[in-house]
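Asks: kindly generate the corresponding structure for this input.
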Amino acid sequence: MTTSLNRTETTRSGLRLPGDEGPVGVESAINRWEGRLFGGLVLAAFLLYGIGSAFAERPVGLALVLANSIAVFTVGAIGYRLLQNHHRRAGVTYLVARATEAVLLAGGILLVTRTDVAIAADTGYLLGMAVLSVGSLPFWLVVGRGPWLSKTFAYWGIAGYAVLAVGALIELTTGLGVTLIAAIPGGLFEVAVGAHLLQRGFRTASVEAAI
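Replies: Presented below is the predicted three-dimensional model:
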């Protein structure tokens, strides 16, 4: 998402981006428990896909991979609900990115187990990470301007996903195995923000005003 200085305007809550639907500081439609579910599912995805992909040839492994896809899609749906009244475009982008990630991760594993296409899982994973990373950038940028989470978390997420996107694209185009290293900042972010949201959920405008 790109903006130009002559198209941004300063509001009480900060800079507005093209696609803003309303003031960033207004109450979100999301409930506190949904923020906690968002955090819990972000954390669960590590185990679901990690263990599932390791045992993909077994029914339990496939079940875990499919459960991961359901989890990441649900994360996208909650993210969309969070932003739907504030920046619908960023919310839709995040939902589409998470849905695409879900399809690519599960599809790659299923192709390996059903067709013996050995590189399908790796390609699906790399494409999934690239799409997720690019689609997450506008989401966390908008979150960083709102009352829902600290700017430190949001900008950490932007930096982490930007590095992951570059790493995944490099590996896809050159074959260099850099994605594992590139995933470290974003992976640490997801652990930290997942644990934080699991405990507290997203803040609301009224909660922020009282802090």
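Asks: check which helix or strand covers the residue nearest the centre of the chain.
Replies: Centroid-nearest residue in the chain: Ser136, 5.0 Å away (criterion: C-alpha atoms, centre = their mean). Assessed by DSSP states H and E, Ser136 sits inside helix 120-145.
Asks: now for the residue nearest to the centre of the chain: which residues touch it?
Replies: Ser136 makes contact with 94, 97, 157, 161, according to C-beta atoms under 8 Å, 6 or more residues apart in numbering. For the C-beta atoms, the positions are set from N, CA and C on the backbone; glycine is no exception.
Asks: among the residues you listed, which ones are buried?
Replies: Among the contacts of Ser136, the ones that count as buried by 16 or more other C-beta atoms under 10 Å are 94, 97, 157, 161.
Asks: quick check: the farthest pair among those residues?
Replies: Distances among those were taken as C-beta to C-beta; the most separated pair is Ala97 and Gly157, at 13.1 Å.
Asks: quick revisit: follow the chain on from the helix holding Ser136 and name the next helix or strand.
Replies: Sequence-wise, the next helix or strand downstream of helix 120-145 (DSSP H and E) is helix 151-174.
Asks: wait, Ile51 sits on Leu64?
Replies: Yes - counting by C-beta atoms under 8 Å, Leu64 is a contact partner of Ile51 at 5.6 Å.
Asks: of the two, who's got more company?
Replies: Leu64 (22 against 15; other C-beta atoms under 10 Å).
Asks: centre of the chain to stretch 92-109, how far?
Replies: In terms of C-alpha atoms, centre = their mean, to the nearest Å, the gap separating the centre of stretch 92-109 from the centre of its chain is 10 Å.
Asks: begin at 869 from here
Replies: Fine by me, first position is 869 from now on; the one you just mentioned is stretch 960-977.
Asks: hey, C-alpha coordinates of it in PDB?
Replies: C-alpha atoms of stretch 960-977 as PDB (Å, rounded to 0.1, in the frame of the first residue of the first chain):
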ATOM      1  CA  VAL A 960     -10.300  -7.400   2.900                       C
ATOM      2  CA  THR A 961      -6.700  -7.700   1.800                       C
ATOM      3  CA  TYR A 962      -5.800  -9.400   5.000                       C
ATOM      4  CA  LEU A 963      -8.700 -11.800   4.800                       C
ATOM      5  CA  VAL A 964      -7.800 -12.700   1.200                       C
ATOM      6  CA  ALA A 965      -4.200 -13.200   2.100                       C
ATOM      7  CA  ARG A 966      -5.000 -15.500   5.000                       C
ATOM      8  CA  ALA A 967      -7.500 -17.400   2.900                       C
ATOM      9  CA  THR A 968      -4.900 -17.800   0.100                       C
ATOM     10  CA  GLU A 969      -2.300 -18.900   2.700                       C
ATOM     11  CA  ALA A 970      -4.700 -21.500   4.000                       C
ATOM     12  CA  VAL A 971      -5.400 -23.000   0.500                       C
ATOM     13  CA  LEU A 972      -1.700 -23.000  -0.500                       C
ATOM     14  CA  LEU A 973      -0.400 -24.600   2.700                       C
ATOM     15  CA  ALA A 974      -3.000 -27.400   2.600                       C
ATOM     16  CA  GLY A 975      -2.900 -27.800  -1.200                       C
ATOM     17  CA  GLY A 976       0.900 -28.200  -1.200                       C
ATOM     18  CA  ILE A 977       0.700 -31.000   1.400                       C
END
